[in-house]
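Colleague: Model the structure of this input:
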Amino acid sequence: MRCTIAAATAALFLSLPAAAEVTVSVHYLAVERELPPTLSNLDPRPERLGLDGAAVALDDNATTGRFMGQTYTLSETVVPLGDDVVEAARAALAETPLLVVDGPTEALLAIADLPEADGALIFNATEGDVALRGDACRANVLHTIPSTAMRTDALAQFLVKKRWDDLPLIAGAHPQDMAYASALERSLTKFGLSVGDRKDWVFDADMRRNASQEVPLFTQDLGDYDALLVADELGDFGRYILYNTWEARPIAGSEGLSAVTWAPVVEQWGAVQLQNRFEEAAGREMAPEDYGAWAAVRAIGEAVTRTNSADPAVLRDFLLSDGFELAGFKGRPLTFRAWNGQLRQPIPLVHPRALVALAPLEGFLHQRTELDTLGIDEPESTCTAFN
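Modeller: Presented below is the predicted three-dimensional model:
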């Protein structure tokens with residue numbers, strides 16, 4: 001793979017004019033979130049989640065940079081719970097105007113609205129909140145992680161293709177679960193479907209011991225249906241729904257068949273090369289947050305290569321232009337939506353052992369690109385900061 005990258009980089013270098021040396025400094029800012037306890041501890045959060053993806057991308061950028069006279073550096077700040085996010089962001093912005101942020105909506109908005117961030121370029125690498133691409137969008141923030149709406153639209157397309165239209169929903173009570181459930185309802189409506197009976201997950205018992213007794217009773221009154229949707233973004237209870245429902249039916253949503261940013265089972269389109277390089281560097285599998293951070297740093301690198309500049313205004317203009325494309329190992333080039341800063345990208349539909357499909361699915365057409373069938377399209381966008 002290294003030889004392949006080097007050969008491609010050499011070809012790119014020969015096609016570009018001679019350029020002056022450019023130094024590019026990127027700061028990764030991670031804001032710790034308070035997460036409620038879950039029923040299982042099988043999926044601990046990696047210590048360098050997201051940051052490992054940024055580090056691999058920096059190495060990719062450096063490969064090109066050696067030919068182009070470009071030097072890349074990556075620094076990091078982790079803001080512990082309760083610490084001042086704004087002060088940490090000010091310190092980072094004093095070093096560089098290029099930030100990659102792993103943080104919740106309120107932290108992203110606080111950073112973007114700083115006077116010091118005027119003219120900066122901030123990448124949202126991990127937060128899928130639809131509002132950040134809508135009413136709460138900021139002109140200095142681009143999004144490399146898909147929105148929750150993009151993921152639920154991908155799942156809705158699959159349900160349409162399967163002609164599954166009787167779709168009850170079990171939703172958790174945490175804000176992330178409720179946001180995902182709302183996005184699911186919007187996506188189903190968008191594609192001519194609707195959520196059937198909805199049940200809220202209210203158990204606090206240990207499902208590791210009681211799932212085979214409690215879940216059948218909990219789902220018995222749902223009757224017959226095509227597939228059961230689960231909104232459990234924290235990974236709390238959904239795993240105990242599978243194979244324990246009263247009716248033996250497919251499970252989709254946060255468990256079972258899931259629409260995700262990235263998964264270890266994505267192996268086509270050269271993805272296995274990225275997976276292998278990441279595992280070699282990080283000692284673990286690549287997670288969606290890692291991919292969002294990787295895409296952010298790689299987007300910076302691609303823009304620097306094409307513009308021979310580290311100026312955030314120059315980079316932003318190029319990233320939002322028709323000239324930008326990012327090879328994202330998802331089967332087609334990735335580009336940014338000029339009306340809200342969202343990175344267009346296919347969405348894998350997976351189960352833990354295999355890739356099932358890649359959305360947008362065949363038959364879902366769009367006048368610009370089928371990728372814009374996923375998420376909030378320009379005519380329905382409420383984002384005005386990019387106008």
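Colleague: tell me the mean pLDDT for stretch 118-125?
Modeller: The predicted model assigns stretch 118-125 a mean pLDDT of 98.
Colleague: Spatially nearest residue to residue 325 (excluding sequence neighbours)?
Modeller: Taking C-beta to C-beta, 6 or more residues apart in numbering, and ignoring the residues beside it in sequence, residue 325 has residue 333 as its nearest neighbour in space, at 3.8 Å. In this view, the C-beta of every residue, glycine as well, is placed from N, C-alpha and C.
Colleague: which residues touch stretch 186-201?
Modeller: 149, 152-153, 155-157, 159-160, 165-173, 181, 184-185, 218-219, 221-222, 225, 229, 232, 236-237 (C-beta atoms under 8 Å, 6 or more residues apart in numbering).
Colleague: Drop anything exposed from those residues.
Modeller: 149, 152-153, 155-157, 159-160, 166-172, 181, 184-185, 218-219, 222, 225, 229, 232, 236-237 (16 or more other C-beta atoms under 10 Å).
Colleague: In strands only, show me these.
Modeller: 169-171, 229 (DSSP state E).
Colleague: how about these in JSON lines, adding distance to residue 32 and pLDDT?
Modeller: Below are these laid out as JSON lines (distance: C-beta to C-beta, whole Å; pLDDT from 0 to 100):
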{"residue": "169", "distance to residue 32": "31", "pLDDT": "98"}
{"residue": "170", "distance to residue 32": "29", "pLDDT": "97"}
{"residue": "171", "distance to residue 32": "26", "pLDDT": "97"}
{"residue": "229", "distance to residue 32": "30", "pLDDT": "98"}
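Colleague: I'd like to know which of those is nearest to residue 285.
Modeller: Nearest to residue 285 among these: residue 229, at 25.8 Å, using C-beta to C-beta.
Colleague: Would you mind measuring from that closest one to residue 178?
Modeller: 14 Å (C-beta to C-beta, to the nearest Å).
Colleague: related to what we said a few turns ago, mind checking which of the contacts of stretch 186-201 land in helices?
Modeller: Per DSSP state H, helices hold the following members of those: 149, 152-153, 155-157, 159-160, 181, 184-185, 218-219.
Colleague: Run through who's touching the helix or strand harbouring residue 122.
Modeller: Using DSSP states H and E, residue 122 maps to strand 121-124. Strand 121-124 has contacts (C-beta under 8 Å, 6+ apart) with 97-101, 108, 111-112, 132, 138, 140-145, 292, 296, 299-300, 312, 315-316.
Colleague: list the contacts for residue 142?
Modeller: Residue 142 touches 121-124, 296, 299, 316, 319, 336, 341-343, counting by C-beta under 8 Å, 6+ apart.
Colleague: try 6 Å this time
Modeller: Listed by C-beta atoms under 6 Å, 6 or more residues apart in numbering, the contact set of residue 142 reads 123, 341.
Colleague: Ok, the one 10 residues further on next?
Modeller: By C-beta under 6 Å, 6+ apart, the contact list for residue 152 reads 183-184, 187.
Colleague: how would you label residue 78: helix, strand or coil?
Modeller: strand (DSSP: H, G, I helix; E, B strand; the rest coil).
Colleague: Am I right that it is in contact with residue 29?
Modeller: No. Counting by C-beta atoms under 6 Å, residue 78 does not reach residue 29; the two are 8.2 Å apart.
Colleague: for the protein, which spans come out with low pLDDT?
Modeller: Scanning the chain for pLDDT under 70 picks out 1-19, 38-40, 204-209.
Colleague: ok, longest helix in it?
Modeller: The chain, longest helix under DSSP H: helix 288-307.
Colleague: What are the contacting residues of it?
Modeller: Residues contacting helix 288-307 (C-beta under 6 Å, 6+ apart): 24, 49-50, 52-54, 56-58, 61, 64, 70, 100, 123, 125-126, 144-145, 260-262, 314-315, 318-319, 326.
Colleague: Is there a quick ChimeraX command that grabs whichever of those are buried?
Modeller: The ChimeraX selection below is limited to those of the contacts of helix 288-307 classed as buried (16+ other C-beta under 10 Å):
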select :24,49,50,52,53,54,56,57,58,61,64,70,100,123,125,126,144,145,260,261,262,315,318,319,326
